[in-house]
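Asks: Here's a sequence, model it:
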Amino acid sequence: MAKVFLGSLFGSGLLVSVEGQAAMVDSGGVVEAPASVDPPTTADGPEPSVEAPEPADPSEPVADPSEPVADPSGPAAEVSGPAADPAAEVSEPAAEPAVLATLDDDALPDPAPSAWPQPLTVQTCPFAAPAIPQQTETALDATLLVKTAEGFGSAVLISPDGFALTAAHVVGTSDTVQLVNHHGAGLQATVVRVDEPQDVALLKVGVTGPSPCLRPLDGRAPLGSDVFILGSPAGEELSFSVAKGIVSGYRELDGSRFVQLDAAVNPGNSGGPAMSPEGSIVGIASWKVSHVSMEGLAFAVPTDVALQALGVELGAASSADWASLTGRHASSSSSSAAAPRPHVDPAAAIDPSLLRRRRIRRGLIVWGITSASVGAAAITTTAAIYYSLDRMTAAGWSALRVTNAIGWGLAGTGSAMLVAGLIIRKNPKRSSPHASLLPTGRGLVLQGRF
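Replies: Alright, predicted model coming up:
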């Protein structure tokens, strides 16, 4: 069955994967995916089927097994008996595989056995699951903001002694990361295990006592059920936000398993939890499809798949020797070269220059409004005093003129700052994306500008 998935990469381009092969589309380019494989044919048409031979006549002599067997690569031996019927039945050619296909949820295989030499036990969260949205604040207490040199991401605590799940591309190659909890306290975490192919990682947070935590969902959330995304889209400015969507499906892409969501997943949400209304972790936010004419295509790693990929088992107590059970499963060079994972929601996607642009824009607007307001008030006050008094002293007149001049200066400066702040775009301007998918008899054609 053919599999197709689309995703925006770090630059302008689109990835198309069909039958495990990949192709990159640059701006304005057209790429044809590999054609579907037709059934084998002969010169006169489809290859005929081979019929089973008739049962041997017991009266006929049986061939001596010691005699040499004819070479199958040589010319065919002459067969006596009736001539072959020219109207022999010919098998119908197999139907051409579909270009776009939806995977059957029941057909998805169970998670593969862990490749870790020794499982790592993590204490099961003992606290009652918070009902969402009534107890969203309680769930946010178990959510963390992850800060790395490349940008920001999210994580979620799954045990009271500080073990947390996040996305592999959030921690990158770091051994330690900085965290911020819901109350603004800074924490430090050690990267314990990383599985890059499935894009999940396990952290050990330095906590001083029992910390808030959430339980992974035991099983799968039903299709169409509500799901809540907790995390920090756009980094610290919008940290600990909540978005709502539904579970759209369960997918297997390039050997990795995901739960498809239609909730808003943005840069900074990576590694954060997708929560069920009952307060269990459905999955860990990983990536989404963007930069094409598509919306509502976000993907998270199911928690059972994440724990299996990391070799983690839930138990009554965490492994005391967890520091000796660390490791990293890197993506194979061959698979990553053939079909790079379309992570469009990495922590690195939050460009520090973009955050500076937003801070400058906000500062210009705020200070512009403040300065213009103070200046307008000074101008109005001095004008009222000037027209209400018949006489004033020389010192009073001088002070009135100075105040009026300062008011006009503040009003002019504030107006200029406000205009500048409004002119600066919050996000860099991008060309309007447009793309079309054209199924053909030979495969899939992707055409458009990005």
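Asks: Check which helices and strands the strand or helix carrying residue 243 sits against.
Replies: Taking DSSP states H and E as the criterion, residue 243 maps to strand 241-253. If you count contacts as 3 or more Cβ pairs under 8 Å, 6 or more residues apart in numbering; DSSP states H and E, strand 241-253 packs onto strand 226-231, strand 256-261, strand 298-302. Backbone N, C-alpha and C define where each C-beta goes, glycine included.
Asks: so which of the ones you listed gets nearest residue 148?
Replies: For the helices and strands packed on strand 241-253, the distance to residue 148 is smallest for strand 226-231, at 14.8 Å, taking Cβ to Cβ.
Asks: quick one: strands adjacent to that closest one?
Replies: Paired with strand 226-231 in the same sheet, following DSSP bridges, are strand 241-253 (antiparallel), strand 273-275 (antiparallel).
Asks: Let me know the angle separating the first one from strand 256-261.
Replies: Calculated by axes from the mean of the first three to the mean of the last three Cα atoms, to 10 degrees, strand 241-253 forms an angle of 140 degrees with strand 256-261.
Asks: So which bits of strand 241-253 are buried?
Replies: 241-243, 245-248, 250-251, 253 (16 or more other Cβ atoms under 10 Å).
Asks: which residue ranges form the strands in the stretch 51-200 of the chain?
Replies: For the stretch 51-200 of the chain, the strands defined by DSSP state E, counting those that start in this stretch cover 120-123, 143-147, 152-157, 163-166, 176-180, 186-195, 200-205.
Asks: continuing past the last one, what's the next helix or strand?
Replies: To tie it back to what came earlier, the one meant is strand 200-205. Toward the C-terminus from strand 200-205 - assigned by DSSP H and E - lies strand 215-216.
Asks: contacts for that next one?
Replies: Contact with strand 215-216 is made by 124-125, 129, 158, 279-281, 303-304, 306-307, 314, as judged by Cβ atoms under 8 Å, 6 or more residues apart in numbering.
Asks: go again using 7 Å as the cut-off
Replies: 125, 129, 158, 280-281, 303, 307 (Cβ atoms under 7 Å, 6 or more residues apart in numbering).
Asks: pLDDT and distance to residue 381 added to the residues you listed, as JSON lines?
Replies: Conversion of the contacts of strand 215-216 to JSON lines gives the following (pLDDT from 0 to 100; distance: Cβ to Cβ, whole Å):
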{"residue": "125", "pLDDT": "96", "distance to residue 381": "61"}
{"residue": "129", "pLDDT": "94", "distance to residue 381": "60"}
{"residue": "158", "pLDDT": "97", "distance to residue 381": "61"}
{"residue": "280", "pLDDT": "96", "distance to residue 381": "61"}
{"residue": "281", "pLDDT": "97", "distance to residue 381": "59"}
{"residue": "303", "pLDDT": "95", "distance to residue 381": "63"}
{"residue": "307", "pLDDT": "95", "distance to residue 381": "67"}
